[in-house]
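Novice: here's a sequence, model it:
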Amino acid sequence: MYDAIIFDFDGTIIDTEINLFNTLNKHINDKNNEPISLEEYKASIGSVSKELDHKILTALGSELALEEMFKDHYEGTKRLPMKPVVKELVEYGHQNQIKMGIATSSYKEHIMPNVLRLELDKYIDVVKGREDVAFVKPNPELYIQAAHELNVKPSKCLAIEDTTNGAKAAIDAGMDVIVITHDITEDLNFDSLDLLHKNIEAKDIINLYL
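Specialist: As a prediction, the model looks like this:
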């Protein structure tokens, strides 16, 4: 049994990753430059990569073009629904007084419009983002801080993730982790990680672990 559930955001609560990948390459293509490969993108998913960030900035040509790309991406996320497994877990957590948080490598200002749109602010007790820590995932600091603010021991927290970087961060924080993959992360290699479960329905998570 767990006293808290901590969710990753991008790719976990809503499927933003494919939207960002496609939007990024659309803008790069508009500049007649070589697109970012799916393999490059996957390597940094759930974390940050200075090397990839530099390559993207070079391909887009300017900070202004990068800002325009992200603006286009964030606008596109406004139509994305909450993933069904998360919706069911949030509803169950709320009904059963289980504390809930979000731990994301994104800046909070970038995810909060969707948190509010989906009315998650009514149920989520803590949101920790990139600006709150010195190091993002796969460093465990985001999860450690979220558990601390929830006043729950990491060992009593269940983390819901979609990436290897995110799962490693939660495991290193001392949490059990369930991974729910999507089109971008489904073929990532999770074999080295001691996961509680992978790609399991919400009803089974509830019955087995909550």
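Novice: from memory residue 52 sits against residue 39, does it?
Specialist: No: using Cβ atoms under 8 Å, residue 52 is not in contact with residue 39, being 11.0 Å away. The C-beta positions use only the backbone N, C-alpha and C, and glycine is treated the same way.
Novice: more neighbours, those two?
Specialist: Remark: of residue 52 and residue 39, residue 52 carries more neighbours, 16 against 7, as counted by other Cβ atoms under 10 Å.
Novice: how much space between the more buried one and residue 159?
Specialist: Between residue 52 and residue 159 the computed distance is 24 Å (Cβ to Cβ, to the nearest Å).
Novice: now for the residue nearest to residue 6 when sequence neighbours are not counted: which residues touch it?
Specialist: In this structure, residue 6 finds its nearest non-sequential neighbour in residue 101, 4.5 Å apart by Cβ to Cβ, 6 or more residues apart in numbering. In this structure, residue 101 makes contact with 4-7, 124-128, 146-147, 149-150, judged by Cβ atoms under 8 Å, 6 or more residues apart in numbering.
Novice: cutoff 10 Å now
Specialist: The neighbourhood of residue 101, defined by Cβ atoms under 10 Å, 6 or more residues apart in numbering, consists of 4-7, 124-128, 142-143, 145-147, 149-150, 152, 157, 159.
Novice: keep only those of the residues you listed that are in strands.
Specialist: Per DSSP state E, strands hold the following members of the contacts of residue 101: 4-7, 126-128, 157, 159.
Novice: out of those, flag the one nearest to residue 111.
Specialist: The nearest member of the ones in strands among the contacts of residue 101 to residue 111, counting by Cβ to Cβ, is residue 127 at 7.6 Å.
Novice: ok, for the closest one, nearest residue in space, not its chain neighbours?
Specialist: Using Cβ to Cβ, 6+ apart, the closest residue to residue 127 is residue 102 (4.6 Å).
Novice: give the next helix or strand downstream of the strand or helix carrying the one you found.
Specialist: Residue 102 belongs to strand 99-103 when elements are defined using DSSP states H and E. Next along the chain after strand 99-103, taking DSSP H and E as the criterion, comes helix 108-117.
Novice: residue 129 and residue 159, how far apart?
Specialist: Using Cβ to Cβ, residue 129 is found at 16 Å from residue 159.
Novice: nope, residue 11 is what I meant
Specialist: Taken as Cβ to Cβ, the span from residue 11 to residue 159 is 14 Å.
Novice: repeat for residue 77
Specialist: Distance from residue 77 to residue 159, by Cβ to Cβ: 22 Å.
Novice: same deal with residue 175?
Specialist: When residue 175 is compared with residue 159 (using Cβ to Cβ), they lie 5 Å apart.
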